[in-house]
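Student: Have a look at this fold, sequence not included:
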């Protein structure tokens, strides 16, 4: 019965938002914004609290069991300190909260992002091997693109740049658009299955 | 009288945006095709599905994790939320994976960046365990919210993979720059990776880095493919019908604009 109610609500809101999309009446626009923005923020705020509490419970359990205890302790300290700093000193540019954000959090994020360069290198080394004809084509395209994007303008012939542009603009773009069409149609049918009640996995059950 | 009201509403510019009429027509046609393939008896008759290596590998991945006594990690990426059809498609696969892991008594770990996705995933996994007949194997602590920050999420999942060394890693959902970080970390730790995303940019990274990749609409076909549900498989057929229709329209438009370069009816 609860699932049936959820399905009815899902169908009702799906149909409503679908209809609102085609209207430019101020009342329709306002209702659309209310549902899409205000309701979503309320839902997110509530579930964020649930998520944080779940994280704390899980982390505390790991600390008690001794699993990755140092990392877990640091996590809880970070989780607790930032809101405390914000509440006490605010979030102005010269506040301790912003200091922590700019000199601790941002560098950490940049560090993780920097790892991407090394991962790109290792993945490329593994992926761009001419083990088969398709792999050889992939390798050739990669080298062509790499050279065309390098700062070797005086050394790399102009032909390479033009060839690389052609590869990116024609076969690559064509393939990408084909994939995008498939994704678009897949998204459409998945959405319809959910709205029409055919797909019920998100309710916890397939039937 | 009802029809008159509807027509009046449609023609009233303040109530109906005529610029979106082509979209409405396309949407109605799409809905009708999906309804036909789903509910029409003849349309639901047996039809051929091509094999998808990534989906065939799901069983292998779960079996491997069970034999090795190592956990299985499933994460939906940072770029999506529950509103996204890709996330729903990911949940469909999660349901199947969770049911199998419950049957095999294999640990399933699910970190996510979004608390809404977390709550839905918990419900999906809990129900999957019930359906498998092992409700006691559900552990809410294994489905947890990590961080809304992109690289906070990436760092957390990367660290989790490095410490727990899952035998199999499922990267299914909407991914951004964290895709390669997670895929390579899983590879370094010797995990089988099955990936799928609706981001074409990240798809190229997955193809290079992962063992199996669901490309394009394969991610959305996974639910029906794994469950064998005829109703869901029917929508896969609907996609094919819509593709043919789109191809025909594109061919006609191409020929038309070749003959009449000034035409613009196809720009909608």
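Tutor: The structure has been received and is ready for your questions. Only a predicted model underlies this, so the values are computations on that prediction, with no experimental measurement involved.
Student: touching chain B at all, stretch A:48-60?
Tutor: Yes. When contact is scored as Cβ under 8 Å from any Cβ of the partner chain, part of stretch A:48-60 falls within range of chain B: A:48, A:49, A:50, A:51, A:52, A:54, A:55, A:57, A:58. Backbone N, C-alpha and C define where each C-beta goes, glycine included.
Student: Other residues contacting that stretch?
Tutor: A:72, A:75-76, A:79, B:114-115, B:118-119, B:140-141, B:144-146 (Cβ atoms under 8 Å, 6 or more residues apart in numbering or on different chains).
Student: Try it again at 10 Å.
Tutor: Contacts with stretch A:48-60, where a contact means Cβ atoms under 10 Å, 6 or more residues apart in numbering or on different chains, come from A:44, A:47, A:67-68, A:71-73, A:75-76, A:79-80, A:83, B:111-119, B:122, B:139-148, B:156.
Student: which of the residues in it are buried?
Tutor: A:48, A:51, A:54, A:55, A:58, A:59 (16 or more other Cβ atoms under 10 Å in any protein chain shown).
Student: do stretch A:139-155 as well
Tutor: Counting neighbours by 16+ other Cβ under 10 Å, one finds that the buried residues in stretch A:139-155 are A:139, A:141, A:144, A:145, A:147, A:148.
Student: Identify, from those residues, the entry nearest to residue A:111.
Tutor: Lowest distance from residue A:111 to those (Cβ to Cβ) belongs to residue A:145, with 27.4 Å.
Student: From residue A:164, how far out is that closest one?
Tutor: From residue A:145 across to residue A:164, the span is 5 Å (Cβ to Cβ, to the nearest Å).
Student: overlap in contacts of those two?
Tutor: Any residue near both residue A:145 and residue A:164 by Cβ under 10 Å, 6+ apart counts here, and that gives residue A:172.
Student: Please tell me I have it right and residue B:83 contacts residue A:37.
Tutor: No. In this structure residue B:83 lies outside contact range of residue A:37 using Cβ atoms under 10 Å: 11.9 Å.
Student: buried stuff in stretch A:22-41?
Tutor: Residues of stretch A:22-41 classed as buried under the neighbour-count rule (16+ other Cβ under 10 Å) are A:22, A:23, A:25, A:28, A:32.
Student: Contacts for that stretch, please.
Tutor: With Cβ under 10 Å, 6+ apart as the test, stretch A:22-41 has contacts from A:13, A:16-17, A:19-21, B:9-10, B:12-21, B:23-24, B:27, B:81-83, B:116.
Student: Any idea how far apart the tips of that stretch sit?
Tutor: Between the start and the finish of stretch A:22-41 there is a gap of 24 Å, counting by Cα to Cα, to the nearest Å.
Student: Now that stretch: average pLDDT?
Tutor: Here stretch A:22-41 scores 84 as its mean pLDDT.
Student: Among the contacts of stretch A:48-60, name the ones in strands.
Tutor: Per DSSP state E, strands hold the following members of these: B:111, B:112, B:143, B:144, B:145.
Student: Residue A:92 against residue A:85, yeah?
Tutor: No. When contacts are counted by Cβ under 10 Å, residue A:92 is not listed as touching residue A:85 (11.4 Å).
Student: Mind checking which of those two has more residues around it?
Tutor: Applying other Cβ atoms under 10 Å in any protein chain shown to residue A:92 and residue A:85 shows that residue A:85 carries more neighbours, namely 18 against 8.
Student: What helix or strand is the more buried one located in?
Tutor: Of the helices and strands defined by DSSP states H and E, residue A:85 is found in helix A:69-89.
Student: what's the helix or strand just after that helix packed up against?
Tutor: Downstream of helix A:69-89, the first helix or strand assigned by DSSP H and E is helix A:96-100. Packing partners of helix A:96-100 (3 or more Cβ pairs under 10 Å, 6 or more residues apart in numbering or on different chains; DSSP states H and E): helix A:69-89.
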